[in-house]
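Student: Here is my input; please provide its structure:
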Amino acid sequence: MEHRYIVDARGEQCPVPVIKTKKVLDSIEGEAVITVLVDNETAVQNLTRMGRNAGAGVISKRLGEHEFQVIFTVNGAVHQNASEAEQNTEAVKPEENLVVAVDTAVMGHGNEELGKVLMKGFLFAVTQLEKLPTTMLFYNGGVLLTTEGSDSIEDLKKLEAQGVEIKSCGTCLNYYGISDKLKVGEVTNMYDIVETLAAASKVIKP
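Tutor: Down below sits the predicted model:
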């Protein structure tokens with residue numbers, strides 16, 4: 001029996017449409033059709049790439065100026081084989097000590113407001129990783145993300161609840177005058193930051 005799902009991701013910014021759809025895709029057993037509604041072509045392209053990598057058939061339709069459909073056709077066997085291949089690939093990987101190092105409240109160079117949106121999206125995407133980082137380090141402008149007023153506090157608290165160490169540079173908190181506004185994680189020092197980076201098997205820096 002073919003199951004049908006609708007994912008409404010209109011008004012959602014990257015990477016939310018992909019994450020919402022992937023959750024449905026990963027839950028499917030057997031044959032299914034997933035119709036995803038989005039409002040921009042970038043989301044269409046990201047969804048198409050993700051679906052094809054998962055072994056699904058993907059077609060997209062423009063319904064209006066800011067309205068698109070992305071339709072996934074899932075064959076249970078194909079999806080299962082894709083998942084098994086992913087698991088087998090992960091099985092041969094050595095255990096990783098992944099560290100995320102964040103030194104700014106914005107991501108990339110250019111428009112600051114866009115940079116804030118991108119950083120919020122980046123931190124949310126980290127919460128969706130299958131293998132979460134061991135530690136997340138925040139220093140210089142990055143400490144603005146762990147303190148009062150940050151839009152990412154809930155995402156960081158979610159990571160902390162799952163065992164991710166959230167550490168903010170004490171010198172940086174003092175410099176910005178926000179030592180009493182830390183909302184998630186603990187205060188650390190430069191020696192600990194260096195030790196953590198040196199022991200990491202992989203470091204991600206947005």
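
Student: Next SSE downstream of the host helix or strand of residue 44?
Tutor: Using DSSP states H and E, the element containing residue 44 is helix 41-53. Downstream of helix 41-53, the first helix or strand assigned by DSSP H and E is strand 57-64.

Student: Which residues does the helix holding residue 44 contact?
Tutor: Contacts to helix 41-53, defined as CB atoms under 8 Å, 6 or more residues apart in numbering, come from residues 9, 12, 14-15, 17-18, 21-22, 25, 36, 38, 57-58, 60, 68, 70, 72, 82. C-beta: built from backbone N, CA, C; applies to glycine.

Student: now the helices for this protein?
Tutor: All helices of the chain, identified by DSSP state H, fall at 16-27, 41-53, 76-91, 112-127, 153-161, 170-176, 190-199.

Student: tilt between the fourth one and helix 153-161?
Tutor: Comparing the axes of helix 112-127 and helix 153-161 via axes from the mean of the first three to the mean of the last three CA atoms, to 10 degrees yields an angle of 30 degrees.

Student: where's helix 112-127 relative to the chain centroid, distance-wise?
Tutor: 9 Å (CA atoms, centre = their mean, to the nearest Å).

Student: Against which helices or strands is it packed?
Tutor: Applying 3 or more CB pairs under 8 Å, 6 or more residues apart in numbering; DSSP states H and E, one finds that helix 112-127 makes contact with helix 16-27, helix 153-161.

Student: Looking at those, which is nearest to residue 136?
Tutor: helix 153-161 (6.9 Å; CB to CB).

Student: hey, C-alpha coordinates of that closest one in PDB?
Tutor: C-alpha atoms of helix 153-161 as PDB (Å, rounded to 0.1, in the frame of the first residue of the first chain):
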ATOM      1  CA  ILE A 153      19.700  29.500  23.100                       C
ATOM      2  CA  GLU A 154      17.000  26.800  22.800                       C
ATOM      3  CA  ASP A 155      19.000  25.000  20.100                       C
ATOM      4  CA  LEU A 156      22.100  25.100  22.200                       C
ATOM      5  CA  LYS A 157      20.200  23.900  25.300                       C
ATOM      6  CA  LYS A 158      18.900  21.000  23.300                       C
ATOM      7  CA  LEU A 159      22.400  20.100  22.300                       C
ATOM      8  CA  GLU A 160      23.600  20.400  25.900                       C
ATOM      9  CA  ALA A 161      20.800  18.100  27.100                       C
END
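
Student: Pull out the buried positions in it.
Tutor: The neighbour-count check on helix 153-161 (16 or more other CB atoms under 10 Å) flags 153, 155-159 as buried.

Student: do stretch 36-50 as well
Tutor: 36-40, 43-44, 46-48, 50.
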